[in-house]
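Participant: need coordinates for the following:
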Amino acid sequence: MLFKNTRERFGIVTIFIHWVMALLLIVLTIIGLYMVNIPISAQKLKLFGWHKELGLLALFLVMFRIVWRLGNILPSLDSLNIFERFAAKTVHWLFYVFMFAIPITGWIVTSSAGLPASFFGLFVLPNIVATNNDTLELFQMIHMWLSYGLIALFCAHVGAALKHHFINKDDILRRMLR
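Facilitator: Prediction:
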């Protein structure tokens, strides 16, 4: 099993971080969509805590992922037409933007609410903005719409992967599976 990427396949580190991030983002989305629609309760507060801690984990993982990506070659996209190559590169870079911006906006929401951003009780991140209700409302909205954008991007990504696997019958999806 390859540790690093080659021109033909993704390495095990890239594959592992891809699937961990996919699962983490799905869990964060489910928790986020559920928690905002239930009344204030101990359960809601617990879900908010999990959402913040998992969101910080996603932020740390995406920072690692970007560094790993920049230090590795990528499998070739030569089998794709120019439109598909452009779409693939655009979607992947948009994923990085969303995976970075969503936790940052969540951290701003937490800071502007005057609440601590704890990482599983191991440490507390400093507030990055002052407590401010206007900032809170603005960044709640930004956080929500970025999340909806990520959901749409995720659907396009999965749809493209399935199209390549079932219609084109090429190795695009298999390169991310071991």
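
Participant: and Ile128, that one's in a strand?
Facilitator: No - in this structure, Ile128 is coil, not part of a strand, as judged by DSSP: H, G, I helix; E, B strand; the rest coil.

Participant: quick one: residues contacting the spatially closest residue to it that is not a sequence neighbour.
Facilitator: Among residues not flanking Ile128 along the chain, Ser111 sits closest, at 5.0 Å (C-beta to C-beta, 6 or more residues apart in numbering). Where you see a C-beta, it was placed from the backbone N, CA and C, and this is true even at glycine. Each residue near Ser111 by C-beta atoms under 8 Å, 6 or more residues apart in numbering is listed here: 117, 127-131.

Participant: for those, which one is nearest His164?
Facilitator: Ala117 (38.6 Å; C-beta to C-beta).

Participant: please report phi then psi for the residue lying closest to the closest one once chain neighbours are set aside.
Facilitator: Excluding its sequence neighbours, the residue lying closest to Ala117 (C-beta to C-beta, 6+ apart) is Leu125, at 4.3 Å. Dihedral angles of Leu125 (phi, psi; degrees, to the nearest 10) stand at phi -80, psi 150.

Participant: relative to Ser76, how far out is Leu125?
Facilitator: 39 Å (C-beta to C-beta, to the nearest Å).

Participant: can you list the strands that the helix-or-strand element of the chain with minimal mean pLDDT pairs with?
Facilitator: Ranked by mean pLDDT, DSSP states H and E, the weakest helix or strand in the chain is strand 117-118, scoring a mean of 94. Strand pairing for strand 117-118, using DSSP bridges, gives strand 124-125 (antiparallel).

Participant: returning to that earlier point: between Leu125 and Ser76, which has more neighbouring residues?
Facilitator: Set Leu125 next to Ser76 and count neighbours by other C-beta atoms under 10 Å: Leu125 wins out with 15 against 12.

Participant: who's in contact with the more buried one?
Facilitator: 56, 107, 116-119.

Participant: secondary structure class for the residue nearest to Ile128?
Facilitator: Ser111 ends up helix, using three-state DSSP.

Participant: and it, how far is that from Phe95?
Facilitator: On the measure of C-beta to C-beta, Ser111 and Phe95 end up 25 Å apart.

Participant: in the chain, what residue spans correspond to helices?
Facilitator: 12-35, 42-70, 82-112, 133-162 (DSSP state H).

Participant: any chance of those helices in TSV, plus mean pLDDT?
Facilitator: Converted to TSV, the helices of the chain look like this (pLDDT from 0 to 100):
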stretch	mean pLDDT
helix 12-35	97
helix 42-70	97
helix 82-112	97
helix 133-162	97
